[in-house]
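1. coords please:
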Amino acid sequence: MNERPVILWLRRDLRLHDHPAMQAAVRTGRPVIPVFICDETVEGLGAAPKWRLGQALEAFSASLNAIGSRLVLRKGAALEVLRALIAETGAGSVFWSRYYDGPARDRDSTVKAALKAEGVEAESFAGFLLFEPWTVETRQGGPYRVYTPFWRAVRDVPVAAPEAAVTALPAPDCWPEGDNLAAWRLGAAMHRGADVVARYARVGEAAALDRLQQFCEDKIEAYAEARDFPARAATSGLSENLTYGEISPRLIWHAGWRSVHEGARGAEHFLKELVWREFAWHLLYHFPDLGQANWRAEWDGFPWRGDSADAESWRRGMTGEPLVDAAMRELYITGTMHNRARMIAASYLTKHLLTDWRIGRAWFEETLIDWDPAANAMGWQWVAGCGPDAAPYFRVFNPSGQADKFDRDGGYRRRFIAEGQTDPARSALDFFAAAPRNWALSAAHPYPSAQVELAEGRLRALAAYEALRAKAL
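-> Residues are numbered from 1 along each chain as shown. The predicted structure follows:
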C-alpha cells in the first residue's frame, strides 16, 4: 500500500489551490494520478457548459503539466473506468471532491461502496461549498427553506482558511494511457458560436484568481449600489469559474471578509450573494427534484403555457422588448447574463408570456457557461413565484420600467442590440455571428414589434394567479 498510487478523480475542482482531495493525496506520499472521466453526467451537459468544461480541462491540464504531472482523460461509466485504471496502475486509493446534485450523489455512492467492497480505499472530500449541506439545520432540525435565516445561521460560522496551492504531485513510474481531449469534441454543439463566446470567457485558475483580486481592489466598495446596473462592470464574474472549481469558495469567502474588515461598504452584500449559491445547493441536496418539480405543490395546477412561437422568440432575443432581448443576446454572445437581466428575462417568460419556468431553465442549461444546476433551478422558481423563498407572483418585472431605472441611458441595450444603430458595437454584431444560420437573422433587418403589450401581459398573469388562489381556497 505504501507504493500504490492514488487516483485523484477530478470533477468540478479544476484548480491547484485550496483543494482538500488533492492535498490529501499528496499527504499520502504516494504517486498521484489525476483523472477526469467523461461519463453520462458530462455527456448530458448542454452545449455551452460542455464547451466551457472542455476549455477548463485544457487549462487545468496545462497547470498540471507545469508542476510535473498530467491529466489522464478517460470516457465511460465512472465505476468501470476507475476499475480499469486500478487494474492498470495498481492504485490502492481513489480520492475525489464531493458534488451534491442527485445523479452525482447516486453515482458517487455506488462507486464508493463498490470500491470499498473490492478492498480499494475510496474517500470523498469537501471543497465545492463552504458548508456541507447536512451541517446547516434549523433549531427544529431539518433544512432551511428561507434564505435570510440561512444567512444568519452561517454568517458567523468559522470557515477554515484556504490551503496553499499544490506545487508538485508525485508521479507514477508509468502513466496510464488517456484520451485526446480534442477527440471528445466537447464544443461540437456550439458550432460557430464557440469562437464568439471564447472572446468573453475567462478560463482557468489564473484568470479566476486575477478576477477576484481585481474585484476586491476596484469594485467591491460600490458593489451593493452598482451591481443592479447591467451596463456597469460592477460584479465579480466569478460564477463562471466557481462552476468548474477554478477558484475555491473558501478563498472568495476570506477575501470578502478581509474587505469587510477593511471597511468596504459592498463587501458584506457580496458575501450574501456567495451564500445565495450555498443556499441553492443546500436546497438541491435536500430536495433533489428542485429543477423539475414545482417547489409549492399547489402550483401544479397553474395554467403554464408549453413551448410556443412566443417562447422561441424569447430564446432568440426577438421579443420586441429591448431590455429582455439585450439580456437574451448577452447570453448568446458571452455565455453569461447579468443577474438583474436574468430576473427580468425570466419574469417576462413566466409572467408576461405565461410560459412554464422549466422551458426557461432548460434554455439556460443549454446556453450558460456558468450553468449551475442548483442556482438555475432556484432562480427560475424564485422568479416564477412557485419556488422556495419566492418573489410574490404579483411581482411582475416591467421591462420598460426596469430599463428606466437600471439602464436609463440605454448603454446595456446598445451593447447587445444592433438593429437601428448606424455604428453598432462589436458585441451587438457578435450576436449575428453566433446565432445559428437557420435563424436567418441580420442586423440589417428591422427590430421586431413587441410580442405582448406589457400592461395586458401583467393583467393576464395576475388573473391566472388569482384563479389558482381561488381554486386552492
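2. sheet partners, orientation included, of the top strand by length along the chain?
-> Taking DSSP state E as the criterion, the chain has its longest strand at strand 32-38. As defined by DSSP bridges, the strand partners of strand 32-38 come to strand 6-10 (parallel), strand 72-75 (parallel).
3. avg pLDDT for whatever helix or strand V81 lives in?
-> According to DSSP states H and E, V81 maps onto helix 78-89. Taken as a whole, helix 78-89 has a mean pLDDT of 98.
4. where does pLDDT dip in the stretch 1-150 of the chain?
-> Applying pLDDT under 70 to the stretch 1-150 of the chain flags the ranges 1-2.
5. quick one: the spatially closest residue to W175 that is not a sequence neighbour from R155, how far?
-> The spatially closest residue to W175, leaving aside those adjacent along the chain, is R70, at 6.4 Å (Cβ to Cβ, 6 or more residues apart in numbering). Glycine gets a C-beta too; all of them are placed from N, C-alpha and C. When Cβ to Cβ, to the nearest Å is the yardstick, R70 and R155 sit 41 Å from each other.
6. the more surrounded of the two?
-> Legend: neighbour count by other Cβ atoms under 10 Å for R70 and R155, higher for R70 (15 against 11).
7. shaky segments in the stretch 351-473 of the chain?
-> Segments of the stretch 351-473 of the chain classed as low confidence (criterion: pLDDT under 70) are 473.
8. mind running it again at 90?
-> With pLDDT under 90 as the threshold, the stretch 351-473 of the chain has low-confidence stretches at 388-395, 468-473.
9. packing partners for the helix holding V81?
-> Using 3 or more Cβ pairs under 8 Å, 6 or more residues apart in numbering; DSSP states H and E as the contact test, the elements touching helix 78-89 are strand 6-10, strand 32-38, strand 72-75, helix 102-117.
10. chain center to the second one, what's the gap?
-> Which is strand 32-38. With Cα atoms, centre = their mean, to the nearest Å as the basis, the distance from the averaged C-alpha position of strand 32-38 to the chain average is 22 Å.
11. could you check the angle helix 78-89 makes with that strand?
-> Interaxial angle, strand 32-38 versus helix 78-89 (axes from the mean of the first three to the mean of the last three Cα atoms, to 10 degrees): 150 degrees.
12. name the residues that touch strand 32-38?
-> Residues from elsewhere that reach strand 32-38 (Cβ atoms under 8 Å, 6 or more residues apart in numbering): 5-11, 22, 25-26, 57, 64, 69-76, 78, 81-82, 85, 89, 91, 169-172, 175-176, 179, 184, 186.
13. CA atoms only: put it into CSV for me.
-> What follows is strand 32-38 as a C-alpha-only set of coordinates in CSV (Å, rounded to 0.1, in the frame of the first residue of the first chain):
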residue,chain,number,x,y,z
VAL,A,32,-0.9,10.7,-7.7
ILE,A,33,-2.7,10.1,-10.9
PRO,A,34,-5.1,12.9,-11.8
VAL,A,35,-8.1,11.6,-13.8
PHE,A,36,-11.1,13.2,-15.5
ILE,A,37,-13.9,10.9,-16.7
CYS,A,38,-16.3,11.8,-19.4
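14. that strand: what's the following helix or strand?
-> Going down the chain from strand 32-38, the next helix or strand is helix 40-43, by DSSP H and E.
15. and the helix or strand just after that following helix, what does it pack against?
-> Downstream of helix 40-43, the next assigned helix or strand under DSSP H and E is helix 47-66. Taking 3+ Cβ pairs under 8 Å, 6+ apart as the contact definition, the neighbouring helices and strands of helix 47-66 are helix 181-184, helix 193-198, helix 205-218, helix 239-243, helix 357-367.
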